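1. below: sequence and its predicted model.
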Amino acid sequence: MEKLIKKGAEAEVWLRSWMGIPAVYKVRKQRRYMIQDLDELLRRQRTVKEAKILVEARKAGIYTPTVYFVDLNNSTIIMQYVKGNNMRKLLKEGINKPCFGLGRILATLHLAGIVHGDPTTSNFIISDSKIYAIDFGLSVHSSDIEDKAVDIHLVKEILSADIPEMFDESFGLVKEGYASVAGKDAEHIIERAKTIELRGRYARGQWG
């Protein structure tokens, strides 16, 4: 059993077998344009960081794939295969209730000092009524309000582009979910997200 699930600029994600069960292999690819030793070092460091953040997020109360094994020689994380529908698919079908849970997940991560970095709706999978956060390849440790606000801003941009007809209600659910965990901090972070959006509009205007 082998199936390519996703091919990105930095890594490939495969569905394979591990100890007799389906598992996801995230393999960071060699970049031939870089010095080999430096490339190997960076790939190992990023593999270790992502695996650690997956574990930390799980400890914080977020459903994430269980890490089975980290193969540093091949810059590979072997982890649980979470079978289900990603949130983007459900949103396209008119189901936006999980947006509240998405907001709660981001707030929980932020309280734990983790910024997801790539909170696209494709990186959240609904399985057995649980929402799993996946792909922490761009995640960082941060308590900076700007970094947290970028997560919120990215979610807003994605929802606006993918489901404009349901955007107001869906993003409202994200904000409600976020505030239910973050409390008073939510208002400051969401306001900063608005500032980031305005900066982006200004920059686009400057470039025509």
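-> Yep, that arrived. Residues are numbered from 1 along each chain as shown.
2. domain parsing of the chain, as residue ranges.
-> Domain assignment of the chain by automatic domain parsing yields the ranges 3-80, 85-206.
3. tell me which of those domains is the most buried.
-> Among those, ranked by average contacts under mean count of other Cβ atoms under 10 Å, first place goes to domain 85-206 (a mean of 18). C-beta here means a position set from N, CA and C on the backbone, and glycine is covered the same way.
4. now find how far off-centre it is within its chain.
-> 9 Å (Cα atoms, centre = their mean, to the nearest Å).
5. what mean pLDDT does that domain have?
-> Confidence for domain 85-206, expressed as mean pLDDT, is 94.
6. all helices for this structure, in order.
-> For the chain, the helices defined by DSSP state H cover 36-59, 87-92, 98-111, 145-162, 167-182, 185-206.
7. output those helices as TSV; include the columns distance to Y81.
-> As requested, the helices of the chain are exported to TSV (distance: least, Cβ to Cβ, whole Å):
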stretch	distance to Y81
helix 36-59	14
helix 87-92	17
helix 98-111	20
helix 145-162	24
helix 167-182	26
helix 185-206	33
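8. so which of these is nearest S122?
-> With Cβ to Cβ as the criterion, S122 lies closest to helix 87-92 of the helices of the chain, at 4.7 Å.
9. packing partners for the closest one?
-> Secondary-structure packing of helix 87-92 (3 or more Cβ pairs under 8 Å, 6 or more residues apart in numbering; DSSP states H and E): helix 98-111, strand 124-127, helix 145-162.
10. kindly recompute the last result at 7 Å.
-> Contacting helix 87-92 under the criterion 3 or more Cβ pairs under 7 Å, 6 or more residues apart in numbering; DSSP states H and E are the following elements: helix 98-111, strand 124-127.
11. out of these, which comes closest to K194?
-> Taking Cβ to Cβ, helix 98-111 is the member of the helices and strands packed on helix 87-92 nearest to K194, at 15.9 Å.
12. dump that closest one to PDB, restricted to CA.
-> Below are the C-alpha coordinates for helix 98-111, written out as PDB (Å, rounded to 0.1, in the frame of the first residue of the first chain):
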ATOM      1  CA  PRO A  98     -16.700  23.000  12.600                       C
ATOM      2  CA  CYS A  99     -15.500  26.600  12.300                       C
ATOM      3  CA  PHE A 100     -16.300  27.100  16.000                       C
ATOM      4  CA  GLY A 101     -14.000  24.200  16.800                       C
ATOM      5  CA  LEU A 102     -11.300  25.600  14.500                       C
ATOM      6  CA  GLY A 103     -11.400  28.800  16.500                       C
ATOM      7  CA  ARG A 104     -11.000  26.900  19.800                       C
ATOM      8  CA  ILE A 105      -8.100  24.900  18.300                       C
ATOM      9  CA  LEU A 106      -6.200  28.000  17.300                       C
ATOM     10  CA  ALA A 107      -6.800  29.700  20.700                       C
ATOM     11  CA  THR A 108      -5.700  26.500  22.600                       C
ATOM     12  CA  LEU A 109      -2.500  26.400  20.500                       C
ATOM     13  CA  HIS A 110      -1.800  30.000  21.100                       C
ATOM     14  CA  LEU A 111      -2.300  29.700  24.800                       C
END
